[in-house]
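Student: here is a sequence together with a model predicted from it:
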Amino acid sequence: MSENVRVVEEVTVKNTDVKCPGCGATIEYDPATLKLACPFCGLTKDLPQPEAEQVIEEIDFESAKQRASLNWGTAKKLIVCANCGGKALYDEAQTSGNCPFCGSTSVMPVDGDENVMAPGGVVPFGISKEIALKNIEGFIKTRRFVPGKLKTDLKVEGLIGLYLPYWTFDSDTSSSYVAKIGFEHTDSDGDTYYTYKKYKGFHSQFIDDEIVFGTDKIKHPHISKVSEFDFTKLKPYQPEYLAGFVAERYTVGLNEAWDRARELMVKRLKRDIGNMEKRAHHGDKVDSVKLSTEFDNVTFKYILAPVYLARYTYKGKVRPIAVNGQTGKVFCDVPSWAYLIPLIIIGIIVGFFILQGMASVFFAMARGLFA
């Protein structure tokens, strides 16, 4: 397979926004109703559905540059943050004064490059902003040992929905390998030791949807903790899904993403082969697996998946929040006074001994007075 495939990794697009037939405003995708809705006049519109036989295309890796779609279906502009370097795609008419990743106001539009690849699939938002906000408040307020002031004064700020980029790869693999398997023994003194045997073999395996996160620019600390999506709910890309949301531009290009996916595939193959040989020979541990692998019929998808980002401030410290836009899972740092519990326990113990000592002195004095 050629290793010289190149896909230009910049920004994009031209075409038309989805306009409300009632008032002419730009309408947005509503996760609550799975429809397009106008935020001004309230008119709703059914989202165009793909034909039953339509599938999300697996693009052949070798011909990616020739076959990849560059059309996002609606005009976009690229916003770059001077603080964290994050790059996000907005609807051309949409304005934003804050970076969706770090909250900085140091954002500026830049000229786009029309050669950036458009996504082939989208995991649509499954929850609304209102539900995301309720989930955030519930997550923070129901943590154990949360300060009472935080519960009463909690104010979530900057809640924004955006789509994150992911690559997925499929490949046939053919591997020759040497697996070193350990067998547990017990000597006459009852001590445990291992003996090892090496097993050589050939293994074929199809790997489906090896996932690679498509950007290195995001500085948000919690996105990885909510980035578990049900990719069986993946829909063929339509620009209507992005209406009203920000789309993060990928910074990990196709070739680099494939390099990372290949490393992940090799790790998976080592794990699977090691476990297979351990079971086959009734071993007790896998010491190592060395292999040489060929990858054939490699295909990929570039997809977008949804998150909400927000923040809150407590005692002058800004704390970032991430919410899975499909499942509603929340993660953020929550202050706690649990660290005081050991001090309280120590204080109680010390106080007990002090009181016990004082009581002993008191009773000794009392015995002396009445002796």
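Tutor: Received, thanks. Numbering: from 1, shown residues only.

Student: what sits up against stretch 193-211?
Tutor: By C-beta atoms under 8 Å, 6 or more residues apart in numbering, the residues outside stretch 193-211 that reach it are 166-187, 231, 261, 264-265, 268-269, 272-273, 276-277, 280-281, 283-285, 287, 291. No exception for glycine: its C-beta is placed from N, CA and C like everyone else's.

Student: take the residues you listed and keep only those in helices.
Tutor: Ala261, Leu264, Met265, Arg268, Leu269, Asp272, Ile273, Met276, Glu277, Ala280 (DSSP state H).

Student: now the second one. Nearest residue, chain neighbours left out?
Tutor: With C-beta to C-beta, 6 or more residues apart in numbering as the criterion, Leu264 has its nearest non-adjacent residue at 5.4 Å, and that residue is Glu210.

Student: okay, Arg249: pLDDT?
Tutor: Reading off the confidence values, Arg249 has pLDDT 77.

Student: quick one: low-confidence ranges for the stretch 251-371 of the chain?
Tutor: Scanning the stretch 251-371 of the chain for pLDDT under 70 picks out the ranges 337-355, 357-371.

Student: residue ranges of the strands in it, please?
Tutor: In the stretch 251-371 of the chain, the segments counted as strands under DSSP state E, counting those that start in this stretch are 285-314, 317-324, 330-332.

Student: so which of those strands gets nearest Val156?
Tutor: strand 285-314 (5.2 Å; C-beta to C-beta).

Student: number of nearby residues for Leu234?
Tutor: Residues within reach of Leu234, counting by other C-beta atoms under 10 Å, total 20.

Student: what's the answer for Thr232, then?
Tutor: For Thr232, using other C-beta under 10 Å, the count is 7.

Student: and Gln356, by the same measure?
Tutor: 10.

Student: what do you get for Trp167?
Tutor: Neighbour tally, Trp167, other C-beta under 10 Å: 23.

Student: my read: it touches Thr299, true?
Tutor: No. The criterion here is C-beta atoms under 8 Å, and Trp167 misses it with Thr299 at 11.2 Å.

Student: rewinding a little: and the ones in helices among the contacts of stretch 193-211, which is closest to Gly24?
Tutor: The closest of these, once distances to Gly24 are taken by C-beta to C-beta, is Ala261, at 44.1 Å.

Student: near Tyr194, how many other residues are there?
Tutor: 13.

Student: for it, list each beta-bridge partner.
Tutor: Glu184 (DSSP bridges).

Student: helices of the stretch 51-200 of the chain, residue ranges please.
Tutor: 64-67, 129-141, 148-153 (DSSP state H, counting those that start in this stretch).

Student: what's next to the second one, contact-wise?
Tutor: The reference is to helix 129-141. 32, 127, 146, 150-151, 154, 156, 159, 161, 308, 310, 312, 321, 323, 325, 328-332, 334.

Student: the same query, at a cut-off of 6 Å, please.
Tutor: Outside helix 129-141, the residues that touch it by C-beta atoms under 6 Å, 6 or more residues apart in numbering are Lys151, Val156, Leu159, Tyr308, Ile321, Val323, Gly328, Val330, Val334.

Student: now do stretch 156-167
Tutor: 100, 103, 129, 136, 211-212, 214-215, 245-248, 250, 257, 300, 302-312, 325.

Student: in that stretch, what counts as buried?
Tutor: Under the neighbour-count criterion of 16 or more other C-beta atoms under 10 Å, stretch 156-167 has Val156, Leu159, Ile160, Gly161, Leu162, Tyr163, Leu164, Pro165, Tyr166, Trp167 buried.

Student: CA atoms only for that stretch, dumped as PDB, please.
Tutor: Extracted C-alpha coordinates of stretch 156-167, given in PDB (Å, rounded to 0.1, in the frame of the first residue of the first chain):
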ATOM      1  CA  VAL A 156     -22.800  27.500  35.100                       C
ATOM      2  CA  GLU A 157     -21.400  29.800  32.400                       C
ATOM      3  CA  GLY A 158     -20.500  29.600  28.800                       C
ATOM      4  CA  LEU A 159     -22.500  26.400  27.900                       C
ATOM      5  CA  ILE A 160     -21.900  25.600  24.300                       C
ATOM      6  CA  GLY A 161     -22.500  22.600  22.100                       C
ATOM      7  CA  LEU A 162     -19.900  21.500  19.600                       C
ATOM      8  CA  TYR A 163     -19.000  18.600  17.400                       C
ATOM      9  CA  LEU A 164     -15.500  17.000  17.900                       C
ATOM     10  CA  PRO A 165     -13.600  15.200  15.100                       C
ATOM     11  CA  TYR A 166     -12.800  11.500  15.100                       C
ATOM     12  CA  TRP A 167     -11.300   9.200  12.500                       C
END
